[in-house]
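Student: make a model of this:
(one chain, ligands or ions: 2)
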Amino acid sequence: MSNDDAKISAGGNVRLTVAQALVRFLVNQYSERDGQEQRLIAGVFGIFGHGNVAGLGQALLQNEIEPAEGEARLKYYLSRNEQAMVHAAVSYARTKNRLQAFACTASIGPGSTNMVTGAALATIDRVPVLILPSDFFATRVPDPVLQQLEDPRNLDISVNDAFKPVSRFWDRINRPEQLIPSALNAMRVLTDPAETGAVTICLPQDVQAEAYDWPMEFFRKRVWHVARPVPEPAALARAVEVIRSAKKPLLVAGGGVIYSEASAELAALADATGIPVADTQAGKGAISFEHPASVGGVGSTGNDAANALAADADVIIGVGTRYTDFTTASQTIFANPDVRFVNLNVLAFDAAKNSAEMVVTDAREGLKALTVALKGYRVEESYNQRVAILVADWAKVIDECFHRNHQPIPAQTEVFGVLNELMGDDDILINAAGSMPGDLQALWRARNPKQYHLEYGYSCMGYEIPAAMGAKLACPDSEVVAIVGDGTYQMLPQELATIVSENLKVIIVLLQNHGFASIGGLSESRGSQRFGTSYLMRDFGSDRLEGERVPIDLAANARSFGADVLEVDTIEQFREAYRTAATSEHTTVIHVETDINGPNPPTSAWWDVPVSQTARLESTQQAFDEYQRQKKDQRRHL
Ligand SMILES: Cc1ncc(C[n+]2csc(CCOP(=O)(O)OP(=O)(O)O)c2C)c(N)n1
Ligand SMILES: [Mg+2]
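Tutor: Ligands and ions are numbered 1, 2, ... in the order given. This next block holds a predicted model:
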C-alpha cells in the first residue's frame with residue numbers, strides 16, 4: 001500500500017492549491033470501453049498569462065519536476081495560439097475515438113476568449129475537450145483586473161460566460177471545494193458519448209492559487225466507463241418493420257459509426273442485407289470504399305451515385321449522423337415522396353431527426369442488433385446491380401478528376417489523386433474548410449475509418465495545421481497529412497512552430513490559389529461576382545481590391561517556422577515531393593500552385609445559400625431566379 005492509498009483508507013486530507021488539486025485529480029482519471037483502459041486526460045496544451053502562470057502554471061511545473069509520490073505526469077505543451085490549441089485537442093480526441101482528451105489552459109480575457117471558437121467546434125463535432133479558461137478574482141478586491149470585463153448590472157459576469165452556449169458543461173470555481181463536484185461532472189460529460197463536447201471549468205486566478213485540505217479520496221483512481229447503450233427492443237422492432245418494407249433502402253453512415261468502432265458491424269449488415277451505404281464527411285471510411293455496398297459521399301458535395309440512390313430511396317437508415325445541410329443537400333436530396341427514416345443514434349436529439357423511427361443506441365450495438373433482427377431480409381438483386389453500375393460510373397469520374405493533366409498549373413483534384421494513391425491505409429488526411437472538403441468527399445477513396453479526418457461540422461479555417469499536431473500526438477506511427485488552402489494558412493499557421501519544437505513530423509500540403517476557390521465559386525453562382533474573394537492589391541484608381549496579386553510568399557513564411565519547404569509547379573514534381581516528405585523525419589510543407597477555377601468534380605446536388613430578393617445587379621437577379629427554382633425541391637420530412 002502506497003502512502004496515498006494508506007491516507008485514502010485512513011480518510012486523510014492533503015493540503016494543495018486548487019490548481020495542484022486539479023492536476024492531481026486529472027492524472028488519476030481513466031476511461032474504459034470494451035475492457036480497454038486508458039488515461040482520460042492525455043496532456044495539457046497551454047499559454048500562460050497573469051491568469052494562470054502562478055496558479056495552474058505552478059501546479060504543472062510541480063507535477064513535472066517534483067510530483068507527489070506516485071503522481072503521474074500531466075505533460076504540458078506550449079502552444080502558439082489558444083484557438084489552435086483547442087483544435088489540436090479536438091483532433092487528438094477524435095483520432096482516439098473520443099476515449100482520451102486534452103485539457104487546454106489559457107490566461108484570463110483574450111487568451112480565454114480565443115478558445116471560444118475551438119469550444120464551439122468541439123461541441124458541434126461532439127468531441128471531448130477540457131477547457132480551462134482563467135477568470136478574474138473571486139474576491140473581487142483588485143477589480144477590475146487587467147483584461148476584466150465589467151458589467152455594471154451583474155458583477156458575476158465575465159468574458160468566460162461566452163463559453164456557455166458552446167459548452168456541454170460549464171462551471172466557475174469561486175471556492176476551492178466547488179472543484180470537487182465540478183471536476184467529477186466534467187469527467188462524466190467528457191466520457192458520455194451522447195453529451196460530450198467542450199467541457200469548461202473557469203478558474204479565477206486567485207482561487208487557482210488558494211490552498212484547501214482535500215479529502216484524499218478525491219484523488220483516487222477513477223475509471224469512467226464509456227457506455228454502449230443497447231437498443232430498446234420495442235424501438236428496434238419498429239425500426240425493423242420499416243426497413244423490412246423497403247425496396248430501395250439507403251444507409252447513411254456518419255461519424256458516430258467511426259467513434260463507436262462499428263465498421264465490422266456495418267459491413268456485416270451490408271453483407272447480410274445488400275443495403276447500400278453512403279457516407280457523410282465525418283463518416284467516410286466507416287465502410288471501406290472497396291466494399292460492394294459502399295457508394296461514397298452523399299449530399300451537396302456527394303457523388304452522383306450516392307445522390308441518385310438518395311433521391312430514389314424509400315427508407316433512409318441514418319446511423320450516427322446528425323443530418324447536416326450538406327448531407328441532406330439542404331433537405332432536397334431525399335426526394336422520394338414516400339421516403340421514411342430510421343435513425344440509430346446515441347443521442348435522442350439526432351435519432352429523432354426527419355421524423356424517424358428513432359433507436360437510441362450505440363452504433364455498434366445498434367447495427368449488431370439490426371443485423372440479427374433483419375434476418376432473412378435482402379434487397380432485390382436488381383437493386384444491387386443498379387448500385388454497382390452507378391458506382392462504376394462514378395469511379396470513372398474519380399479517375400478523370402485524379403488524372404486531368406490540367407494546364408498550365410494543376411487542378412487540386414490531381415493533388416488529391418496523388419495523395420490518395422501514395423498515402424497508406426493507416427495514414428491520416430486532415431482538412432476542414434475551403435473548396436477541398438467538397439472535392440474530397442466526392443473523390444476520396446478511404447479504406448480505413450481513421451484515414452479521412454474532415455472537420456466539417458464547424459468547417460473552421462485554421463483547424464488543419466493544429467489538427468495535424470493533435471493527430472500526430474495520437475497516432476505517432478501514422479503519416480499525418482494536412483491539406484491547407486492559402487486562406488486557411490494565412491488564418492492560423494503558427495502551430496507549425498509548436499510542431500517543430502515538439503519534434504513532430506507531419507506533412508502540410510499548401511494549395512496556393514491566391515484566394516477563396518470555394519466562396520469565390522459560391523459568390524459567382526449566387527450573383528455576387530466573386531466579390532472580395534481573391535487576394536488582390538487595392539487599386540488606387542478604382543479604390544477596389546482588383547489590382548495585382550498580393551505578392552505574398554507563404555513558402556518563405558512556412559520556412560520561417562522551421563519547417564522544410566518544397567515548392568513544386570507540376571503534378572510530377574508534387575509526386576516526387578510527397579515521396580521526399582514521406583521519407584523525411586522533418587515536418588515538410590509542400591507548396592503547390594493550383595487553379596482557383598478547378599476544374600472541380602461535377603455536383604448533382606444543391607446547397608441552400610439565399611440570394612438577395614431584390615437587386616440592381618443583373619447577375620444577382622439571374623441568380624435569384626435560379627435560386628427560386630431550386631428552392632422548390634426543398635421539403636420537410638414530417
Ligand atoms: C474561420 C472561418 N472563417 C470563414 C470561413 C468561411 N470560408 C469558408 S471557405 C473560405 C475560403 C477558404 O480559402 P482557402 O483556404 O484559400 O481555400 P479555397 O477556397 O481556395 O479552396 C472561407 C472564407 C470559415 N469556414 N472559417
Ligand atoms: Mg485558396
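Student: all contacts plus neighbour counts: C-alpha atoms, from now on.
Tutor: Noted.
Student: list the contacts of the host helix or strand of Q58.
Tutor: Here Q58, judged by DSSP states H and E, is contained in helix 56-65. Helix 56-65 is contacted by residues 19-20, 23, 48, 71-76, 105, 208-209 when judged by Cα atoms under 8 Å, 6 or more residues apart in numbering.
Student: take those residues and lay them out in TSV including pLDDT.
Tutor: Converted to TSV, those look like this (pLDDT from 0 to 100):
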residue	pLDDT
A19	98
Q20	98
V23	98
F48	98
E71	95
A72	97
R73	97
L74	98
K75	98
Y76	98
T105	98
Q208	98
A209	98
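Student: in CSV, list the residues you listed along with secondary structure.
Tutor: CSV is the format used below for the contacts of helix 56-65 (DSSP: H, G, I helix; E, B strand; the rest coil):
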residue, secondary structure
A19, helix
Q20, helix
V23, helix
F48, coil
E71, coil
A72, coil
R73, coil
L74, coil
K75, coil
Y76, strand
T105, strand
Q208, helix
A209, coil
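Student: which among the residues you listed count as buried?
Tutor: 19-20, 23, 48, 71, 73-76, 105, 208-209 (16 or more other Cα atoms under 10 Å).
Student: the bottom helix or strand of the chain by mean pLDDT?
Tutor: Taking mean pLDDT, DSSP states H and E as the measure, the chain has helix 3-9 as its least confident helix or strand, at a mean of 62.
Student: which residues of the stretch 401-550 of the chain fall in strands?
Tutor: For the stretch 401-550 of the chain, the strands defined by DSSP state E, counting those that start in this stretch occupy 428-431, 452-454, 480-485, 507-512.
Student: what's the mean pLDDT across the helix ranked longest in the chain?
Tutor: Within the chain, and with DSSP state H defining each element, the longest helix by residue count is helix 381-402. Averaging pLDDT along helix 381-402 yields 98.
Student: repeat that for stretch 224-233.
Tutor: On average, the pLDDT along stretch 224-233 is 98.
Student: then it to CSV, C-alphas only?
Tutor: The C-alpha coordinates for stretch 224-233 follow below in CSV (Å, rounded to 0.1, in the frame of the first residue of the first chain):
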residue,chain,number,x,y,z
TRP,A,224,-15.2,6.3,-16.4
HIS,A,225,-16.9,3.7,-18.4
VAL,A,226,-17.8,4.9,-21.9
ALA,A,227,-21.2,3.5,-22.5
ARG,A,228,-22.5,1.4,-25.3
PRO,A,229,-26.3,1.8,-24.9
VAL,A,230,-28.2,-1.1,-26.4
PRO,A,231,-31.4,-0.5,-28.4
GLU,A,232,-34.7,-0.8,-26.6
PRO,A,233,-36.4,-4.0,-28.1
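Student: buried stuff in that stretch?
Tutor: For stretch 224-233, the neighbour count (16+ other Cα under 10 Å) marks 224-231 as buried.
Student: returning to that earlier point: ok, which pair from the contacts of helix 56-65 is furthest apart?
Tutor: Between any two of the contacts of helix 56-65, the greatest separation by Cα to Cα is 22.9 Å, found for F48 and E71.
Student: how about the residues of this protein by ligand 1?
Tutor: Contact residues, the chain versus ligand 1 (Cα under 6 Å from any ligand atom): 433-436, 459-461, 485-488, 513, 515-519.
Student: could you report the neighbour count for E585?
Tutor: Neighbours of E585 under the rule other Cα atoms under 10 Å: 12.
Student: how about the closest residue to ligand 2 within the stretch 201-350 of the chain, what does it touch?
Tutor: Nearest residue of the stretch 201-350 of the chain to ligand 2: T301, at 17.9 Å (Cα to the ion). Residues near T301 by Cα under 8 Å, 6+ apart: 326, 438-439, 441-442, 603, 605.
Student: pull up the per-residue confidence for it.
Tutor: Confidence score, pLDDT, at T301: 95.
Student: and the gap between it and ligand 1?
Tutor: Applying Cα to the nearest ligand atom, to the nearest Å, the value for T301 to ligand 1 is 14 Å.
Student: secondary structure element for that residue?
Tutor: Counting by DSSP H and E, no helix or strand carries T301.
Student: that older thread, in the longest helix of the chain, what's buried?
Tutor: Residues of helix 381-402 classed as buried: 383-384, 387-388, 390-391, 394-395, 397-398, 401-402 (neighbour count, 16+ other Cα under 10 Å).
Student: isn't W444 up against N420?
Tutor: Yes - using Cα atoms under 8 Å, W444 makes contact with N420 at a distance of 6.7 Å.
Student: and the two? Which one has more around it.
Tutor: W444 (23 against 18).
Student: what are the phi and psi values at the more buried one?
Tutor: Phi and psi for W444, reported as degrees, to the nearest 10, are phi -70, psi 130.
Student: pLDDT at it, what is it?
Tutor: 98.
Student: show me the contacts for it.
Tutor: Per Cα under 8 Å, 6+ apart, neighbours of W444: 416, 420.
Student: what pairs with the helix or strand following the helix holding Q58, parallel or antiparallel?
Tutor: With elements assigned by DSSP H and E, the helix or strand that comes after helix 56-65 is strand 76-78. The pairing partners recorded for strand 76-78 under DSSP bridges are strand 41-46 (parallel).
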